[in-house]
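Peer 1: Everything below, folded, please.
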Amino acid sequence: MRQKINMNKDWWFIHEKIELSQVKQGQGELVNLPHTWNAVDGHDGNGSYDRGCYWYVKTFQKPVQPAFEGKIFIEILAAGQQAAVYVNGQKVTYHEGGYSTFRADITGYCKEGENQIAIACSNEMKDSVYPQSADFTFYGGLYRGVNLVCVPETHFSLTHYGDEGIHVTTEEMSWGGAKAHVVSHIAGAGEDYTVLYSIRDADGKEVAGGTRPSTEPDIDLYLPEVIHWDIANPYQYTLTALLQRRNETYDEVTVRFGVRTFSCHPERGFVLNGVEIPLRGVSRHQDKLYQGNALTREDHRRDAELIQEIGANTVRLAHYQHAREFYEECDERGFVVWAEIPFISVMNQDPEAHENCIRQLKELIYQNDNHPSICFWGISNEILIGGISEKLVENHRELNALAKKIDPTRLTTIAHVTMTPTEGPMHGITDVESYNHYFGWYGGKMEDNGPWMDRYHKAHPELCIGLSEYGCEGIITYHSDHPACKDYSEEYQALYHEYMAKMLADRPWIWSSHVWNMFDFGCAARDEGGVAGRNNKGLVTMDRKVKKDSFFIYKAYWNPEPMVHICGRRYAKRAGEETEVRVYTNQPWVTLFLNGEKVGDCKAADHVAVYRIALKPGMNFLVAEAGAVRDSISLEKVEKEPDIYVLPEVNERAEGVANWFQEVGELDLQAPMEYPEGYYNIRCTVEEISHSEEAMEVVAKAIKLLTNMTVKPGEGMWDMMKNMSLEGMKDMIGSMMPEGFLESINAKLIKIKKES
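Peer 2: I've put the predicted structure just below:
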């Protein structure tokens, strides 16, 4: 019988780039898996992180085999981003791609007694491996764990793209019930072996069964009565497959699956089991403060609990394959999942890179196609940041066709960057589409989001359109009674999401929406809002300790459990004659009390009740009642609010823009722009401009003034921005540009001669 041996304890981590011949047991630091060497520097704000090739070394005793001859496999649940595996000094396998499971047969490399395994793990940049460039940290390490798997010579295959060797798809029958189509991969199949299948319901009762020869193991099993997997009732069945030889079971595999139907319609949105259910939820990255992506099962469970608390019914698992444990949490909690590969931001022209894309898509689908929660396979994200080409479009068509061939039961999707033209060859490739829009943060006003979606829907009534990313930074140190875009305050983030939650509730035809992001996450290249090394758009802090106010507006919209939440508890010291208090609830009315006295009753319009109150000097106590639920906070009336409430760059940026225009002088900024040959201009890419120190200084200063983001060649977000032009950026950050600002940049650049 199959035996799985956990190998997570006592690895020697050698934090040096050395040759195999120099690797010895006892070197370096003794660690347990999961482990990443970027647990701190992946998001500590130092501007970079360690991207190298390092070693994990462990000794093990050759497992004692049962009476029959068998095989020993090593199973690596994920290794970021490339890994070479050696047993007793001999290379066993090499894998490219940092997010999927891979295995190798090490039987012939093992000897009796003690053996050594050494894994060279690398998160170095490699042209043939995705992701190439993205707005998150590419953590290195064995961050999901390692097992030994012992099986007999004949067994359910362990080498078919890292899957379990069993795949189940379901189809409802016209006369009732459902068919479960089972595909099995068996290594060493022979006439002496048969496969016994059994399906049990959630109570453990057998509801279907069948037998096949191991040489033709596929089978259709019939479920006479079906309970659907649904968001409200995520019901699952269990399939057990026994590989039998005469009266003895040689191998056994168990998988869970669900029966459900789903589709998307341009007007009806997402339809699950015949019921229209707009998908409203969040995106998630798989890292945590000072753990990086080395998460435990309990970490995954806690993330799922928080997503369930907010009331989300969908999760976009960005931007790569996530841990099996989290897909299982989604299965059990009724989250509809968008799963995707790390084909993101920039396409590498190297043909081997496209082969890597194909491999990662196959691994994603084959390893996860039994999960009923997954309804969508995503083939790329914001890929036009790196520009468009015929080859890029062709590659997308090939990836989409591959996904449909492997798994015709699910829908394919894509996340367009906001600058993707609404007409063009990138549309109509996948079954459904979504856009990543940050109107109200990187450009435009928050109120632009609804009209944009309306215009697109009207122009393309044949397409199912979603909103795959939207959000803004919320840093819980910064506060304002007059919040504004780019002040990074918790209050502005909350106002932004108030608008977005209502906008989405009013448009059920938007088939899905995913807040960017559920949790703050690591991006070592970032330096924005005074918190470097992280993306702070999360509804929850990276350590999972604080739910920002924006968390609770979605809880009010999505979670029916009675709740009330007073915003601004971290805006604890307030000055002025009056201050605003906002209360979120899913109840119709709110009653507010200040220091024991009733302030008034307020109807919660769109789940928000708003009060203007006058605090007394010193401490004040606020209580909000909504039906049977209450919340309270304490506020202090002060003469002057703490300086820490305002990010210094907010005022500096306003002054900087004013000074910028003064530097331009009397230039007519309304005149048509010119682009003289041989000189820089706003149509040049940032990489072209970087060839001139003088021109780059102009562009870097302009971008810093507009976005508070630092752009330097080879640092930070360079790989994502180098192929963009200032003119092209207008679609992303246009409304942040004061009138005439783009013209003023061009006026400065056309005075600088291009470097030869």
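
Peer 1: Identify the residues contacting the spatially most central residue of the chain.
Peer 2: The centroid of the chain falls nearest to Ala318 when counting by CA atoms, centre = their mean (2.1 Å). Neighbouring residues of Ala318 by CB atoms under 8 Å, 6 or more residues apart in numbering: 283-285, 340, 381, 517. The way it works is simple: take the backbone N, C-alpha and C, and place the C-beta from them, glycine included.

Peer 1: In strands only, show me these.
Peer 2: 283-284, 340, 381 (DSSP state E).

Peer 1: how close does the residue nearest to Ala459 when sequence neighbours are not counted sit to Val337?
Peer 2: In this structure, Ala459 finds its nearest non-sequential neighbour in Thr422, 6.4 Å apart by CB to CB, 6 or more residues apart in numbering. Here Thr422 is placed at a distance of 27 Å from Val337 (CB to CB, to the nearest Å).

Peer 1: Gly140 now?
Peer 2: Gly140 is 26 Å from Val337, by CB to CB.

Peer 1: neighbour count winner among those two?
Peer 2: Gly140 (29 against 24; other CB atoms under 10 Å).

Peer 1: Contacts only, for that one.
Peer 2: Per CB under 8 Å, 6+ apart, neighbours of Gly140: 36-38, 50-52, 54, 80-81, 121-123.

Peer 1: same thing with Thr254?
Peer 2: Contacts of Thr254 (CB under 8 Å, 6+ apart): 238-241.

Peer 1: how about 10 Å then?
Peer 2: If a contact means CB atoms under 10 Å, 6 or more residues apart in numbering, then Thr254 has 164, 166, 198, 200, 238-242 as its contacts.

Peer 1: related to what we said a few turns ago, count residues in the vicinity of the residue nearest to Ala459, would you?
Peer 2: 14.

Peer 1: same check, this time on Thr36
Peer 2: 25.

Peer 1: and it, what is it in contact with?
Peer 2: 42, 50, 80, 121, 123, 137, 139-143, 287, 291-295.

Peer 1: ditto for Val629
Peer 2: Contacts of Val629 (CB under 10 Å, 6+ apart): 561-565, 585-587.

Peer 1: and Phe552, what element?
Peer 2: helix 549-558 (DSSP states H and E).

Peer 1: Can you tell me which helices and strands that helix packs against?
Peer 2: Secondary-structure packing of helix 549-558 (3 or more CB pairs under 10 Å, 6 or more residues apart in numbering; DSSP states H and E): strand 279-284, helix 297-310, helix 490-505, strand 512-515, strand 564-566, strand 579-585.

Peer 1: export it as CSV, just CAs?
Peer 2: C-alpha atoms of helix 549-558 as CSV (Å, rounded to 0.1, in the frame of the first residue of the first chain):
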residue,chain,number,x,y,z
ASP,A,549,-12.6,50.2,8.1
SER,A,550,-13.0,49.2,4.4
PHE,A,551,-13.3,45.6,5.5
PHE,A,552,-16.6,46.4,7.2
ILE,A,553,-18.3,48.1,4.4
TYR,A,554,-18.1,44.9,2.4
LYS,A,555,-19.2,42.9,5.5
ALA,A,556,-22.3,45.1,5.6
TYR,A,557,-23.1,44.4,2.0
TRP,A,558,-22.2,40.7,1.8
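
Peer 1: Where do the helices of the stretch 301-450 of the chain begin and end?
Peer 2: Using DSSP state H, counting those that start in this stretch, the helices of the stretch 301-450 of the chain run over 324-333, 351-368, 390-406, 449-459.

Peer 1: low-scoring pLDDT stretches of the stretch 101-250 of the chain, where are they?
Peer 2: Within the stretch 101-250 of the chain, no range satisfies pLDDT under 70.

Peer 1: returning to what we had before: what's the most distant pair in the contacts of Val629?
Peer 2: Glu561 and His565 (12.4 Å; CB to CB).

Peer 1: any common contacting residues for the two?
Peer 2: Joint contacts of Glu561 and His565 (CB under 10 Å, 6+ apart) are 555, 629.

Peer 1: More neighbours: the two, which one.
Peer 2: His565 (21 against 9).

Peer 1: The more buried one and Tyr478: what is the separation?
Peer 2: From His565 to Tyr478 the distance is 19 Å (CB to CB).

Peer 1: same question, Arg612
Peer 2: Distance from Arg612 to Tyr478, by CB to CB: 21 Å.

Peer 1: Go through the helices of the stretch 301-450 of the chain and name the closest to Ala187.
Peer 2: Using CB to CB, the helices of the stretch 301-450 of the chain put helix 351-368 closest to Ala187, at 15.3 Å.

Peer 1: and that closest one, what other elements does it pack with?
Peer 2: By 3+ CB pairs under 10 Å, 6+ apart, helix 351-368 packs against strand 90-96, helix 324-333, strand 336-340, strand 374-381, helix 390-406.

Peer 1: And for the helix or strand that comes right after the first one, what's in contact with it?
Peer 2: Downstream of strand 90-96, the next assigned helix or strand under DSSP H and E is strand 102-105. Here strand 102-105 makes contact (CB under 10 Å, 6+ apart) with 71-79, 83, 85, 87, 91-96, 147, 149, 151, 157-163, 187, 363, 367.

Peer 1: so how far is strand 102-105 from its chain's centroid?
Peer 2: 27 Å (CA atoms, centre = their mean, to the nearest Å).

Peer 1: Quick check: neighbours of it in the sheet, parallel or antiparallel?
Peer 2: Strand pairing for strand 102-105, determined by DSSP bridges: strand 70-76 (antiparallel).

Peer 1: Do you know the pLDDT at Val664?
Peer 2: Note for Val664: predicted pLDDT of 63.

Peer 1: follow-up on the earlier one: quick check: angle from the helix holding Phe552 to strand 579-585?
Peer 2: Orientation note: helix 549-558 sits at an angle of 40 degrees relative to strand 579-585 (axes from the mean of the first three to the mean of the last three CA atoms, to 10 degrees).

Peer 1: and helix 549-558 with strand 279-284, angle?
Peer 2: Using the same axes, to 10 degrees: helix 549-558 against strand 279-284 is 150 degrees.

Peer 1: Please report how far Met125 lies from Leu289.
Peer 2: 25 Å.

Peer 1: do the same with Val336
Peer 2: Taking CB to CB, one finds Val336 at 28 Å from Leu289.

Peer 1: in the stretch 201-350 of the chain, which spans are strands?
Peer 2: Taking DSSP state E, counting those that start in this stretch as the test, the strands found in the stretch 201-350 of the chain are 206-213, 219-223, 237-245, 248-257, 262-265, 269-272, 275-276, 279-284, 314-317, 336-340.

Peer 1: Could you dump those into CSV and include distance to Val646?
Peer 2: Shown next, in CSV, are the strands of the stretch 201-350 of the chain (distance: least, CB to CB, whole Å):
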stretch, distance to Val646
strand 206-213, 63
strand 219-223, 61
strand 237-245, 56
strand 248-257, 51
strand 262-265, 44
strand 269-272, 41
strand 275-276, 45
strand 279-284, 29
strand 314-317, 33
strand 336-340, 37
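
Peer 1: before we move on, the earlier item: between Arg612 and Tyr478, which one's more packed in?
Peer 2: Tyr478 (25 against 10).

Peer 1: how far away is the residue nearest to the more buried one when sequence neighbours are not counted from Ala624?
Peer 2: Nearest residue to Tyr478, sequence neighbours excluded (CB to CB, 6+ apart): Ser489, at 4.3 Å. When distance is defined by CB to CB, Ser489 is 21 Å away from Ala624.

Peer 1: higher neighbour count, the two?
Peer 2: Ser489 (28 against 25).

Peer 1: Now do the contacts for the more buried one.
Peer 2: Ser489 touches 472-483, 495, 529, 571, 645-647, 650, counting by CB under 10 Å, 6+ apart.

Peer 1: ok so, going back, columns distance to Lys62 and mean pLDDT on top of the helices and strands packed on helix 351-368, output as TSV?
Peer 2: Below are the helices and strands packed on helix 351-368 laid out as TSV (distance: least, CB to CB, whole Å; pLDDT from 0 to 100):
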stretch	distance to Lys62	mean pLDDT
strand 90-96	15	98
helix 324-333	27	98
strand 336-340	37	98
strand 374-381	37	98
helix 390-406	36	97
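
Peer 1: Okay then, goodbye and thanks.
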